[in-house]
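J.: Test case, fold it:
(one chain, ligands or ions: 1)
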Amino acid sequence: MPRRATKWGDERTSLHRDCDVLICGASFAGLAVARELRGAGAEVLVLDRYEIGERQTSACGIPTAWLSAMGLKEALQQTFPVLVIHTPHGTVHFDLPWSFSTFDYRTLCELLAEQGSFEFETAKVDGHTGQTVHTDRGDVRARLVVDALGWRRVLGDGEPIQPPEAFLSRGLEVHPFGSGDELEVWVDRSYVPAGYGWSFPADGELRVGVGSFDPRYHVKEPTVRLASDLDLDAIRYQGNWIPHRIRPATERGVCFVGDSAGHCLPLTAEGIRTALYFGLACGRELRAVLEGRLGREQALARYAAFSASHRRKFELLLRVQRLIPRLAPRLLARSLRAMERKQFVDWAFGHYLEIAHPRFARAPVAA
Ligand SMILES: Cc1cc2nc3c(=O)[nH]c(=O)nc-3n(C[C@H](O)[C@H](O)[C@H](O)COP(=O)(O)OP(=O)(O)OC[C@H]3O[C@@H](n4cnc5c(N)ncnc54)[C@H](O)[C@@H]3O)c2cc1C
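T.: Residues are numbered from 1 along each chain as shown. Reported below is the predicted structural model:
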């Protein structure tokens, strides 16, 4: 359970202190790291500019097995055994070998936070000098520092890479009230030249959005148009940049996890299970340091190597992401129809799940 000591307004006190582990970012990646440090006897501090679960950062779709493996099923909203893909030349149904579910962001974050044991403070993280992290409330010094702050990679060295030059996609969605029972995707250039649209039903609301692999392409108009084509109101917006290239997972003594390390999968922009997966991996290495089983440098090197060992799969997905917009729409539709065969879907989605399999949530990494 996190201990909250959040201060607002006049009560917002300065935050100059030391701790053993400082985790910057209290979303999927940061909370997964914290979970693995429970009971390690260390002083763990988690920072975020918002309260835990306050700002939803995605459509919140994840393979159901990840929710079960992490003990987070209470957050589940709807489950989908079939993925429906619309193109201008027809619709295909992929009967998945494993199901996908939507979940409630706040509930999931709160459940995940309860699995950890840490202090939590709201503060904006601005940068770092060595092991000292600068925030708008003061400096925090820690032996182990984690950047789980998302795509900006705030604690990275060098000039931050800003869109549109960076390897980023952009995503925007609206959350109209309504219901549905299909997980739907649109690969249709009338909405976005390179990317896709989606509709994820989630227990009384629909999360309808458009993602563009090309960061120069704005997605507000197509998002509104997709909602309108579905007879839905474009209300309650939520959007962000989405990294689509994996980056080094450590840099000058800092561990990067989730979007800050480019752990979001290219092509599908699925970044929640990978944020959890790499968060667990990072947390296990840091725990080994706290328990004296590994030195700090050794643990960071192991985590960096673990992340880098996934690079080939991430790059393969990036190649497919770049290929699809170049295919003639009719050829793409024909190809998708050919892939509809159960045997192929089982094979392809089986390999896809293997990139960050839920069994990892149950199996500790031996140090
Ligand atoms: C519109 C959209 C829909 C998406 N849908 C899905 C989906 O359905 N399924 C899926 O798997 N992926 C989805 N993604 C991708 C997914 O949201 C991300 O990959 C995922 O959230 C990454 O998790 P994270 O913990 O690394 O970062 P984030 O979830 O972005 O969390 C970063 C945290 O850091 C905090 N923070 C940031 N900067 C600072 C700062 N300077 N100081 C203090 N705190 C800070 C933020 O408040 C936040 O809590 C979607 C993305 C978008 C944009």
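J.: Near the ligand, which residues of the protein? Just list them.
T.: By CB under 6 Å from any ligand atom, the residues of the chain that approach the ligand are 25-29, 47-50, 55, 57-62, 124-125, 148-150, 154, 171-173, 209, 238-240, 242, 258-259, 264, 269-273, 275. Backbone N, C-alpha and C define where each C-beta goes, glycine included.
J.: Buried only: go through those for me.
T.: Neighbour-count burial (16 or more other CB atoms under 10 Å) applied to the residues of the chain next to the ligand gives 25-29, 47-49, 57-62, 125, 148-150, 154, 171-173, 209, 238-240, 242, 258-259, 264, 269-273, 275.
J.: In which helix or strand does R319 reside?
T.: helix 311-323 (DSSP states H and E).
J.: ugh, wrong one, I meant R302
T.: R302 belongs to helix 296-308, assigned by DSSP H and E.
J.: Kindly report the same for L112.
T.: Here L112 is assigned to helix 105-114, by DSSP H and E.
J.: list the buried ones in that helix?
T.: Y105, T107, L108, C109, E110, L111, L112, A113.
J.: Could I get the full set of strands for the stretch 201-350 of the chain?
T.: 206-212, 237-243, 250-251, 254-256 (DSSP state E, counting those that start in this stretch).
J.: TSV for those strands, including mean pLDDT and distance to G195?
T.: Shown next, in TSV, are these (pLDDT from 0 to 100; distance: least, CB to CB, whole Å):
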stretch	mean pLDDT	distance to G195
strand 206-212	98	4
strand 237-243	94	10
strand 250-251	96	29
strand 254-256	98	25
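J.: Quickly compare the ones you listed and say which is most buried.
T.: Each of the strands of the stretch 201-350 of the chain was scored by mean neighbour count; the highest is strand 254-256, a mean of 28, by mean count of other CB atoms under 10 Å.
J.: quick one, what contacts V133?
T.: L22, C24, L47, V125, G127, D139, V140, R141, A142, V145, L155 (CB atoms under 8 Å, 6 or more residues apart in numbering).
J.: So, low pLDDT: which residues of the protein?
T.: 1-11, 158-165, 363-367 (pLDDT under 70).
J.: List of residues touching the longest strand seen in it?
T.: Using DSSP state E, we find that the single longest strand of the chain is strand 90-103. Strand 90-103 is contacted from outside by 59-65, 67, 72, 75-85, 183, 200-203, 207, 333, 336-337, 339-340, 342, 345-346, 349-350, 353, using CB under 8 Å, 6+ apart.
J.: now swap in stretch 284-295 and tell me
T.: Contacts of stretch 284-295 (CB under 8 Å, 6+ apart): 20-21, 33, 36-37, 40-42, 143-144, 146, 255, 296, 299-300, 302-303, 306, 364-365, 367.
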